[in-house]
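*Asks:* Mind looking at a prediction? Sequence and model below.
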Amino acid sequence: MLYALKIAARYLTASKAQTALLVLGVAVGVFIFIFMSALIGGLAEFILSRTVGDLSHVTIAAEDPDPAILIHPDGHVLAVIERGRARTASLSEAATFIPLIETVPGVIAVSPQITGAGFLARGAQVAQVSVTGLEPGRESDILDLDGYMTQGSVRLGSGLVVLGETLAEDMSLRLGQTVRLQSSTGESAVLTLGGLYDTGNGLIDASSIYVSLSTARTLFALPQGVTRIEIKLRDLNEADAAALRIAALTGLDAEPWTEGAEQLLEALDAQAQTGIFLKSFALITIVIGVASALLLSTYRRRPEIGIMRAMGAGRGFVVFVFVTQGALVGLMGGVTGAALGYLALLPFPSREEFEVGTLPMDITQGSYGLAITLTVIGAILASILPARAAARVDPVTAIGQ
Amino acid sequence: MTVLLEVSDLIKTFGTGEAETRVLRGLSLVLEAGEMAALLGPSGSGKSTLLTILGTLMKPTSGRYAMLGTDLVAADDTELTEFRNRHIGFVFQFHNLLPDFTALENVVFPTAVREGRETAAARARGRELLTRMGLAERIDFPSANLSGGQKQRVAVARALMNRPELVLADEPTGNLDRASAMQVMDLIAEINRDEGTTFLISTHDEKIAGLCRRKIVVGDGLVTG
């Protein structure tokens, strides 16, 4: 129906000011749609990166074995070995699994760790700490320690410890000083403070310390294996699927970050729903705007519709002319709005460069294609009513007007 | 001569109950191919209603209407639209051109709407008709910029575009000065003579009617002469 397209285009170009206003109205709606998409999407990404970005996306933790029991031949339990306070569970085959896990699509880092509790002592000052032993060279695989370092180096050599600034202040520690670390198993080591970090997370800064994997082995009396494998993914939203794949591959219980993060996910979902509502209102505004403008156009062009019908144009042709007008308005408004939205989002810093005090816009989440597609569909739907009204115009009455 | 159209016992009423008005009261008429007939009668005699029914823009309340062997009372809207496009041309009193289109675009409309696009052949035919109407210099002019007489000549060219067997003209010169009116009528007479197109021209003007070979007088909803 090239000819209907020509007539639709001619009607739009014949009333340039009216068409420009209509396209501008649609463009504003699309602009709001894109702005909201970038804001809601950016906000969600920002919240996730700030809350989960530094966490393990999939974790394999060693499980404590069931307590050993001694059973009498007649079935009575004679003795039970109580589970010790010190953690002894380990993933003894970790060295075998790690290369396998690294082959899983989406996995960008695998960090074998030995974790446990301990006491950090310097003189009369003692602090309870959470100890994590990391492989030298893989210190920043999960928590971006390197990025948070304020003094010294993140490099975890033998006899070195890295801890938070809050803890250092609490214990009046300075770089290069020595501290005694006693693990929950009773082993102790004298360590030199090699670096200080500030993550902004009070709990981590005040109670987490990092040592090398070999130091942790000694401290927790774990000659082989690890207690935990933390895995980072390229896309943290793929954690559930990746955990399933890793569990299938290794036979270990791989836990995604989403387990236990229901409240965060609910909050993000509520935020997304709010975004959908706002975007829907923008679309409804577009539909009402296009429908009213085309209804007006239909009324104004009644005599011409009558002439067309008299000259042999069928009702379908008339419908097509007005629906095409709607589609063209939707397309022009959609593209204009998307371009304006993109230009408006350009000055905002990228997700990686986001600064406190500005909106966490994500230009990549503008949903430009979706906005244009929905706008064109909305405009077509909006034009159906006016188009049907146009097709019902009685040529005799219309020509007589 | 061949019978082009035949209507018999045509009745058309508007409104219902006490407001019912019977405009055509059993009118019968035969038009032969190649005729150039004037439709005369006072205002309210039913001339325009008859032309509207003959043009398939309106259906009669009862009666028979057949053209080129097709029963146009029984036909549905789609069939009537297609029939109208192929076989009937219109010239209205107020030209009724599409104001946002050029003279040529107006003329080729009946063919383009049928074929779905403006073909080169249609444009050539349109140019030929406009040249014949003395509008060679105005082919690509926006129709809104033409004079009244020029617009009416464009309307005649548009009516002839699909080489219809019948052209219905409702007061085609009623809005023109005498010189323009005679110019339009000369063109109609020329086409009738050269191409054998049948014209039925509704008019109040005896001089215009005098240019037609047959006069059909309608009065009180019937053909009276």
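*Replies:* It's in. Numbers count the residues shown, from 1 in each chain, chains lettered A, B, ... in the order given.
*Asks:* so which helix or strand takes in residue A:25?
*Replies:* helix A:16-51 (DSSP states H and E).
*Asks:* for that helix, packing partners?
*Replies:* Of the remaining helices and strands, those touching helix A:16-51 by 3 or more CB pairs under 8 Å, 6 or more residues apart in numbering or on different chains; DSSP states H and E are helix A:262-300, helix A:315-345, helix A:368-391. (Each C-beta comes from the backbone N, C-alpha and C, glycine too.)
*Asks:* Quick check: mean pLDDT of that helix?
*Replies:* The average pLDDT for helix A:16-51 rounds to 86.
*Asks:* Nearest residue to residue 8 in space, please, no chain neighbours.
*Replies:* Since you didn't name a chain, this refers to chain A. Excluding its sequence neighbours, the residue lying closest to residue A:8 (CB to CB, 6 or more residues apart in numbering or on different chains) is residue A:324, at 3.8 Å.
*Asks:* Not quite, go with chain B.
*Replies:* residue B:28 (4.3 Å).
*Asks:* Tell me where the stretch 151-300 of chain A has helices.
*Replies:* A:165-170, A:202-207, A:213-219, A:239-250, A:262-300 (DSSP state H, counting those that start in this stretch).
*Asks:* of all the ones you listed, which gets the most neighbours per residue?
*Replies:* helix A:213-219 (a mean of 21; mean count of other CB atoms under 10 Å in any protein chain shown).
*Asks:* Give me the contacts around it.
*Replies:* A:112-116, A:118, A:131-136, A:156, A:158-161, A:181, A:183, A:185, A:187-189, A:191, A:211, A:222-223, A:226 (CB atoms under 8 Å, 6 or more residues apart in numbering or on different chains).
*Asks:* What number of residues are in the vicinity of the residue nearest to residue A:8?
*Replies:* Using other CB atoms under 10 Å in any protein chain shown, residue A:324 has 22 neighbouring residues.
*Asks:* next one: residue B:131
*Replies:* Neighbour tally, residue B:131, other CB under 10 Å: 13.
*Asks:* Contacts only, for it.
*Replies:* residue B:139.
*Asks:* Phi and psi next, for residue B:56.
*Replies:* phi 60, psi 20 (degrees, to the nearest 10).
*Asks:* I'd say it and residue B:72 touch.
*Replies:* Yes: counting by CB atoms under 8 Å, residue B:56 touches residue B:72, with 5.7 Å between them.
*Asks:* Quick check: the residue of chain B nearest chain A.
*Replies:* Closest to chain A within chain B is residue B:85: 2.4 Å, counting by CB to the nearest CB.
*Asks:* Following element in sequence after whichever helix or strand that residue is part of, please.
*Replies:* Residue B:85 belongs to helix B:77-87 when assigned by DSSP H and E. Once helix B:77-87 ends, the next helix or strand along the chain (criterion: DSSP H and E) is strand B:88-91.
*Asks:* show me what contacts residue 191?
*Replies:* No chain specified, so I'll use chain A. A:159, A:160, A:161, A:178, A:179, A:180, A:181, A:211, A:215.
*Asks:* Please refer instead to chain B.
*Replies:* B:156, B:160, B:197.
*Asks:* go on, residue A:110?
*Replies:* Residue A:110 neighbours (CB under 8 Å, 6+ apart): A:98, A:101, A:102, A:141, A:229, A:230, A:231, A:232.
*Asks:* Got a PyMOL select line for the buried ones in those residues?
*Replies:* A single PyMOL command suffices to select whichever of the contacts of residue A:110 are buried according to 16 or more other CB atoms under 10 Å in any protein chain shown:
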select buried, chain A and resi 98+101+141+229+230+231+232
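*Asks:* Run a quick check on residue B:214 versus residue B:32, I expect a contact.
*Replies:* No: in terms of CB under 8 Å, residue B:214 does not count as a neighbour of residue B:32; the distance is 9.1 Å.
*Asks:* re the thing from before, report the secondary structure state of the residue nearest to residue B:8.
*Replies:* strand (DSSP: H, G, I helix; E, B strand; the rest coil).
*Asks:* re earlier: give the next helix or strand downstream of the helix holding residue A:25.
*Replies:* On the C-terminal side of helix A:16-51, the closest following helix or strand by DSSP H and E is strand A:58-61.
*Asks:* which residues of the stretch 101-250 of chain A fall in strands?
*Replies:* A:107-122, A:125-134, A:149-152, A:160-164, A:178-183, A:188-197, A:208-212, A:228-233 (DSSP state E, counting those that start in this stretch).
*Asks:* Quick check: can you name the pairing partners of the third one and their directions?
*Replies:* Looking back up the chat, that one is strand A:149-152. strand A:188-197 (antiparallel) (DSSP bridges).
*Asks:* Then the first one?
*Replies:* Listed by DSSP bridges, the sheet partners of strand A:107-122 and their directions read strand A:125-134 (antiparallel), strand A:178-183 (antiparallel), strand A:228-233 (antiparallel).
*Asks:* Compare those and give me the one nearest residue B:97.
*Replies:* Closest to residue B:97 of the strands paired with strand A:107-122, according to CB to CB: strand A:228-233, at 67.4 Å.
*Asks:* I'd like the C-alpha coordinates of the closest one written as PDB, please.
*Replies:* As requested, the backbone C-alpha atoms of strand A:228-233 are provided in PDB (Å, rounded to 0.1, in the frame of the first residue of the first chain):
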ATOM      1  CA  ARG A 228      35.700 -22.100  50.900                       C
ATOM      2  CA  ILE A 229      35.800 -21.300  47.200                       C
ATOM      3  CA  GLU A 230      34.400 -17.900  46.100                       C
ATOM      4  CA  ILE A 231      33.500 -17.400  42.500                       C
ATOM      5  CA  LYS A 232      32.900 -14.100  40.700                       C
ATOM      6  CA  LEU A 233      30.700 -13.900  37.600                       C
END
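*Asks:* so how far is it off the chain centroid?
*Replies:* Taking CA atoms, centre = their mean, to the nearest Å, one finds strand A:228-233 lying 18 Å from the centre of the chain it belongs to.
*Asks:* quick check: angle from that strand to helix A:239-250?
*Replies:* Strand A:228-233 and helix A:239-250 are oriented at 130 degrees to each other (axes from the mean of the first three to the mean of the last three CA atoms, to 10 degrees).
*Asks:* Can you get me the start-to-end distance on stretch A:224-241?
*Replies:* 30 Å (CA to CA, to the nearest Å).
*Asks:* and it, what's its mean pLDDT?
*Replies:* 88.
*Asks:* For stretch A:390-401, buried residues please.
*Replies:* Those would be A:390, A:391, A:393, A:395, A:396, A:398, A:399, for stretch A:390-401 by 16+ other CB under 10 Å.
*Asks:* Okay, and which of those residues map to helices?
*Replies:* Taking DSSP state H as the definition of helices, the buried residues of stretch A:390-401 contribute A:390, A:391, A:395, A:396, A:398, A:399.
*Asks:* Which helix or strand contains the residue nearest the centre of chain B?
*Replies:* Geometric centre of chain B, nearest residue: residue B:168, 1.9 Å, by CA atoms, centre = their mean. Following DSSP H and E, one finds residue B:168 within strand B:166-170.
*Asks:* rewinding a little: neighbour count: residue B:56 and residue B:72, which is higher?
*Replies:* residue B:56 (26 against 23).
*Asks:* Enumerate the residues of chain B near chain A.
*Replies:* B:52, B:55, B:57-58, B:77-78, B:81-82, B:84-86, B:90, B:92, B:96-101, B:109-110, B:112-118, B:158, B:162 (CB under 8 Å from any CB of the partner chain).
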